[in-house]
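Novice: let's see this in three dimensions:
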Amino acid sequence: MVKRLRALRNVALPGTHRKLVPGLLTAAGLVTVAFAGHLLVPGVPVLTLCVVLGAVAGNSLRAAPKFRLAPGMGWGGKHLMRAGIVLLGFQLALADVLDLGWKGVGLIALVVAGSFGGTYLVARALKLPGDQPVLLASGFSICGASAIGAMSQARGSARDAPVPVALVTLCGTLAIAVLPLANTWLNLNELDFGRWVGASVHDVGQVVATAQGAGFTALAAAVVVKLVRVLMLAPISVLGSISARRRQAAATDGSMPGAGERPPLVPIFVLGFMACVLLRSTGWMPDSVLHAAKTGQEILLGVALVGLGFAIDLRHLFSTAGRALAAAIGSWAVVAALGLGFVALMA
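Specialist: Sure, this is the predicted structure:
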């Protein structure tokens, strides 16, 4: 109890809060720039720009200003990521999921599972360090940088998140141009192209940017399939947390009961995410509230992703660029192939 009171007292110190202000204000400014950039180039999603701007800032500043900004950037990347993921639940309604039918939902679940497993095996084979294989698998199989943030929070491995975030952002951005170009050869109709985009592109904004050029039918199909993938964020995060707890217990072998904080069995932000999904599904939420929640979610995730981008060491990334890019391209191929399989089985 004494330790907890001391911890609370330390958190309440004004100086502690002041250390966060420069980084959070800088991140908010970069998010504003990202929104402006998206208005100028609608094809590039806001969250993608947030990661890029954060990485540019983190790698161009001198040591002293970077040190001053780091506490706020790190705090935003952790805590605001959780809040943004909670609000992400307001984008999902169970009625939209059920419109696909049990066959569609089951096939999407299989695509997510196959994408996660395939991406994880590719990353492990190429010896990506630490928890990067799990985080990369989460990003490619579910919803890009948001899923990486959720999984890193569930597993307590935020230090390994920056490189997977950079890789999934790169491939998701390339998908906006590559998938429509590939469809000139595949010749999928609007509905099937939309389903392929929804099953194989990472971030929600990237899905919209990729599908909208093919028509309303493609866009609607892509968004519904993508939102079902996003729904898989909850069970995957819980499984990731359980795996981390078992790994930590095995590492300590029961001999160090107080060593480190074990990840919660079900992270609180996952419960909040599911609560928002259920609230949206009731139909009681006014459109104005849903619009405000969507805007708030984009801002919170934007600040968090600026923070994650700020932590990306481009020199380190380039030093391992061969393995990292090979893992990303291999993972992208796995997910795209499984997405085409989903389209074929839904026909």
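
Novice: going by C-alpha atoms from here, please, whenever you check contacts or count neighbours.
Specialist: Will do.

Novice: pLDDT on stretch 110-128, on average?
Specialist: Looking at stretch 110-128 alone, the average pLDDT works out to 94.

Novice: buried ones in it?
Specialist: By neighbour count, and taking 16 or more other C-alpha atoms under 10 Å as the criterion, the buried residues in stretch 110-128 are 111-124, 126, 128.

Novice: do stretch 173-189 as well
Specialist: Applying a neighbour-count criterion of 16+ other C-alpha under 10 Å, one finds 173, 175-176, 179-180, 188 buried in stretch 173-189.

Novice: what's the next secondary structure element after the helix or strand hosting Arg195?
Specialist: Taking DSSP states H and E as the criterion, the element that holds Arg195 is helix 190-200. Proceeding N to C from helix 190-200, the next assigned helix or strand is helix 204-211, under DSSP H and E.

Novice: packing partners for that following helix?
Specialist: On a contact count with 3 or more C-alpha pairs under 8 Å, 6 or more residues apart in numbering; DSSP states H and E, helix 204-211 meets helix 162-186, helix 190-200, helix 216-231.

Novice: roughly how far is the helix holding Arg195 from the heart of the chain?
Specialist: Per C-alpha atoms, centre = their mean, to the nearest Å, the displacement of helix 190-200 from the mean C-alpha position of its chain is 20 Å.

Novice: could you give the angle of that helix to helix 204-211?
Specialist: Between the axes of helix 190-200 and helix 204-211, defined by axes from the mean of the first three to the mean of the last three C-alpha atoms, to 10 degrees, the angle is 150 degrees.

Novice: and helix 190-200, average pLDDT?
Specialist: Here the mean pLDDT over helix 190-200 is 95, rounded to a whole number.

Novice: alpha carbons of that helix, as PDB, please.
Specialist: Once non-C-alpha atoms are left out, helix 190-200 reads as follows in PDB (Å, rounded to 0.1, in the frame of the first residue of the first chain):
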ATOM      1  CA  GLU A 190     -16.500  -4.700 -58.500                       C
ATOM      2  CA  LEU A 191     -17.900  -6.900 -55.800                       C
ATOM      3  CA  ASP A 192     -15.000  -9.400 -55.900                       C
ATOM      4  CA  PHE A 193     -12.400  -6.600 -56.100                       C
ATOM      5  CA  GLY A 194     -13.900  -5.000 -53.100                       C
ATOM      6  CA  ARG A 195     -13.800  -8.300 -51.200                       C
ATOM      7  CA  TRP A 196     -10.200  -8.800 -52.100                       C
ATOM      8  CA  VAL A 197      -9.200  -5.400 -50.900                       C
ATOM      9  CA  GLY A 198     -11.100  -5.800 -47.700                       C
ATOM     10  CA  ALA A 199      -9.500  -9.200 -47.000                       C
ATOM     11  CA  SER A 200      -5.900  -8.200 -47.900                       C
END
